[in-house]
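1. quick one: sequence plus predicted model below, questions after.
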There are 2 protein chains.
Amino acid sequence: MSLLVQKYGGTSVGNPERIRHVARRVIDTQRAGHRVVTVVSAMSGVTDGLIKLAHEVSPDPTEREMDVLLATGEQTTIALLAMAIDALGARAVSLTGAQAGIVTDGVHTQAKIANITPKQILHHLDDGAVVIVAGFQGQTMQGQVTTLGRGGSDLTAIAIASAIGADLCQIFTDVDGVYTCDPRLVPTARKLPELSYEEMLEMASLGSKVMQSRSVEFAKKFGVRFEVRSSFNDNPGTMIIDETPSMENVVIRGLSVEKNQAKVTVGAVPDRPGTAARVFNALAEARVVIDMIVQNVSANGQTDISFTLNKADLARAEEVLRPVVAEIGAGGLAARGEIAKLSVVGIGMRSHSGVAAKLFDCLARGGINIQMITTSEIKIAVIIDEASVAEAANLTHAAFGLEQGAYTA
Amino acid sequence: MSLLVQKYGGTSVGNPERIRHVARRVIDTQRAGHRVVTVVSAMSGVTDGLIKLAHEVSPDPTEREMDVLLATGEQTTIALLAMAIDALGARAVSLTGAQAGIVTDGVHTQAKIANITPKQILHHLDDGAVVIVAGFQGQTMQGQVTTLGRGGSDLTAIAIASAIGADLCQIFTDVDGVYTCDPRLVPTARKLPELSYEEMLEMASLGSKVMQSRSVEFAKKFGVRFEVRSSFNDNPGTMIIDETPSMENVVIRGLSVEKNQAKVTVGAVPDRPGTAARVFNALAEARVVIDMIVQNVSANGQTDISFTLNKADLARAEEVLRPVVAEIGAGGLAARGEIAKLSVVGIGMRSHSGVAAKLFDCLARGGINIQMITTSEIKIAVIIDEASVAEAANLTHAAFGLEQGAYTA
């Protein structure tokens, strides 16, 4: 008998029929001899509806009240799922975030979990019930309702799995697992049976943006084994676990693609301390989120600083930077949308050489120009034209033989 | 400066525009120098929508989970109203029933308030904020979500008014106050400026079923002065207060009419102990709610027992009683729908005679047959044909001169 935490996202509980389906799945798990805690999101569309309502009463809703409002979404789902399980003859007890003992800091709409006191959860489990917990929400020490921000329900599930020492946390979603590449882009993509936390972090954007990185980071930090799998079928998913020695043999686990990127180059920047800081402080103040940053060695006391960002933020970034360029005496500002990021990811890269060469060679043979390059210990990312991204992904996928699964040395 | 509790029902907060309207009204009250606690219901339609959802996942939803589900309705409203008040430049803090310190017993869907610890309410009031409390809900000592049943938000308002020693509790609703009779039935009906708790209890069905009797009883028990008034205009409403000596001069305060009634007569009941109990136990087990009961003196060792009930329950009552009639050896069972109850209510009846005679005379002159009569200390109620009810109400209203306001001796 094992102790499982199962998390079902908004699409999986999107209507009464799907809630009944989840109820059956939860009961089947319990009848197979497991103890089950189920974490659920708001039914799909509900949160957006609440946000719309908020903006109909206030142009700028207070964050404290936004949390009180949004927390009703998950509270609705826990009650409905508990009823559905009861109707199918098993016993279930719903708990709000507060009742489940999830204590957070006081940063409304983006609270961080401070600690979990799973007394109620354990009490009802010992009592033989399935425990249904509202994802995405908690309360402060003072009893204020808080929410955890985007991807909060995954975080709830993983944090509870950690707090109660669960054997496994299953993240049920609308995709089958994590693939070697997005199957909509690369038809030969294969589902990965397992992945290390580090690889999952780098590939966070694979497989329909399965999970936010902070949930993965939390799982990594506390050693929570989790599985990403579909709530619509019984296929095994992808296990995300601690790195094992044999994983090092896998050089490339998969490809990650991000479209809708843009790049900005601040050209001929005087090479003196503080200029880069000036540029990125201005962007941070305007809440522009930056992805890659590249600065090469300087020549003639000048250098170019390039960075990428989401295309939606491009206009704002340009507007913010124009006065900064003048102020620091840089040569100019060049911006470009319609680019994409292609990354190859794998733990084995640490101990195997030749990956970069293979990637660049494959893109060159396809006539695809590389505009920027960055690397981490287990990833190589290149910026290319968005129009070439499908071709580049398929070429790279084939070059590393990923249609056979992961690429081993 | 006084301390006010204002309660707004579902229609008054039925959409974002109305919520903004309530926000303005609350702010106006605060700016007039008062401290304000506002209790709100779920937006109209929301509770019914949630109940429908519940029945889509379960034929018989558990009451515990029903409470968790329904509590989201009021939680949504408190957040939206607090946002709306904030957007208009005042400060508001929302509190769920649990946060407001409303502790109930554990009878889900029909919980009773055990006590209120208004620490949070007082803290935020002292802080200068408008405090918005979710009506209809509370929590048990063990932290389970409960709801108070029909009319629960009124009860929340009156109980909070009592707990914080408010000067007045204002029940804002979609009618202007309590009238001498339902204005849709009697066009000359007048709004009553004041009413005693006892009269309000007897006239609970007046003025579009303004309030459930248990809220009135609670207010009476704890001496909470309250006012029933409209949220759609600024007209003064009806004050419900402790009986004053001068009230005794008012013989008839108003008329109450209930349609959709039915009556059942169990005829020729052997006049021995236990037969009436047998009849009404059977009805209670079938959850049939009985209104009037009339039994006259017996003749020849037999008597007739008649009672009235809601027409919707008539078929069930007949079904339940048929075997009982045989078992106790009664003569027969006669049932009739299409009847209505007309009551005249007034504290002054206690010390003034002739009211019954005046009522019966007026109905007789209108050719309206009286089928049953019951009286209480401050009320005379008659059962008549439903088809005659408008005529009877107008005749009675005129006979007592209620178009001039209350009837004094």
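-> In hand now; what should we look at? Numbering: from 1, shown residues only, chains lettered A, B, ... in the order given.

2. strands of the stretch 201-350 of chain A, start to end?
-> In the stretch 201-350 of chain A, the strands defined using DSSP state E, counting those that start in this stretch lie at A:226-230, A:238-241, A:250-252, A:254-270, A:290-295, A:302-310, A:332-345.

3. mean pLDDT for those - can I get that in TSV?
-> As requested, the strands of the stretch 201-350 of chain A are arranged in TSV below (pLDDT from 0 to 100):
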stretch	mean pLDDT
strand A:226-230	94
strand A:238-241	94
strand A:250-252	86
strand A:254-270	91
strand A:290-295	86
strand A:302-310	89
strand A:332-345	92
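
4. closest to chain B out of these?
-> strand A:226-230 (21.3 Å; Cβ to the nearest Cβ). (Each C-beta comes from the backbone N, C-alpha and C, glycine too.)

5. rewinding a little: most tightly surrounded among the strands of the stretch 201-350 of chain A?
-> Of the strands of the stretch 201-350 of chain A, the one with the most neighbours on average (mean count of other Cβ atoms under 10 Å in any protein chain shown) is strand A:250-252, at a mean of 25.

6. what strands line up against that strand, and which way round?
-> Here strand A:250-252 is paired, per DSSP bridges, with strand A:407-408 (antiparallel).

7. off-centre distance for the partner strand?
-> Its chain's C-alpha centre and that of strand A:407-408 lie 25 Å apart, by Cα atoms, centre = their mean, to the nearest Å.

8. which residues touch that strand?
-> Contact with strand A:407-408 is made by A:249-252, A:346, A:348, A:400-401, as judged by Cβ atoms under 8 Å, 6 or more residues apart in numbering or on different chains.

9. now with 10 Å?
-> The contact list for strand A:407-408 (Cβ atoms under 10 Å, 6 or more residues apart in numbering or on different chains) reads A:180, A:246, A:248-254, A:344, A:346, A:348, A:352, A:355, A:358, A:397, A:399-401.

10. inside helices: which ones of those?
-> Residues of those located in helices (DSSP state H): A:355, A:358, A:397, A:399.

11. out of those, who's the most crowded?
-> Of all the ones in helices among the contacts of strand A:407-408, the most densely surrounded is A:H397 (25 neighbours; neighbours counted as other Cβ atoms under 10 Å in any protein chain shown).

12. wait, what's in contact with the nearest residue to it once chain neighbours are set aside?
-> Leaving aside its sequence neighbours, A:H397 sits nearest to A:V186 (Cβ to Cβ, 6 or more residues apart in numbering or on different chains; 4.8 Å). Going by Cβ under 10 Å, 6+ apart, A:V186 touches A:179-180, A:254-255, A:257, A:390, A:393-398, A:402-403.

13. hmm, who's touching the helix or strand harbouring A:V103?
-> In this assignment (DSSP states H and E), A:V103 forms part of strand A:102-104. Contacts with strand A:102-104, where a contact means Cβ under 10 Å, 6+ apart, come from A:67, A:95-98, A:110-118, A:121, A:133-141, A:144-148, A:152, A:155-156, A:159-160, A:163.

14. report the next helix or strand after it in sequence order.
-> Counting by DSSP H and E, what follows strand A:102-104 is strand A:113-116.

15. any residue of that next one touching chain B?
-> No. Residues of strand A:113-116 are not located near chain B by Cβ under 10 Å from any Cβ of the partner chain, the shortest gap being 15.7 Å.

16. B:A340: which of the strands of the stretch 201-350 of chain A is closest?
-> B:A340 lies closest to strand A:226-230 among these, at 59.9 Å (Cβ to Cβ).

17. quick check: mean pLDDT of stretch A:370-386?
-> Average pLDDT, stretch A:370-386: 89.

18. whoops, I mixed them up, stretch A:40-57
-> What stretch A:40-57 shows for mean pLDDT is 96.

19. buried set for it?
-> By neighbour count with 16 or more other Cβ atoms under 10 Å in any protein chain shown, stretch A:40-57 contains the buried residues A:40-44, A:46-47, A:50, A:53-54, A:56-57.

20. narrow the contacts of A:V186 to just the buried residues.
-> Buried, going by 16+ other Cβ under 10 Å: A:179-180, A:254-255, A:257, A:390, A:393-397, A:402, out of the contacts of A:V186.

21. where along the stretch 51-200 of chain A do the helices fall?
-> For the stretch 51-200 of chain A, the helices defined by DSSP state H, counting those that start in this stretch cover A:63-87, A:119-126, A:152-164, A:197-202.

22. for A:E327, which of these is the nearest?
-> The closest of these to A:E327 is helix A:63-87. By Cβ to Cβ, the value is 33.4 Å.

23. now do that closest one against helix B:63-87, angle only.
-> Inter-element angle recorded for helix A:63-87 and helix B:63-87: 160 degrees (by axes from the mean of the first three to the mean of the last three Cα atoms, to 10 degrees).

24. what angle sits between helix A:63-87 and helix A:152-164?
-> Going by the same axes, to 10 degrees, helix A:63-87 makes 70 degrees with helix A:152-164.

25. any idea how far helix A:63-87 is from the chain center?
-> In terms of Cα atoms, centre = their mean, the centre of helix A:63-87 is found 23 Å from the chain centre.

26. with stretch A:45-62 instead?
-> With Cα atoms, centre = their mean, you get 24 Å for stretch A:45-62.
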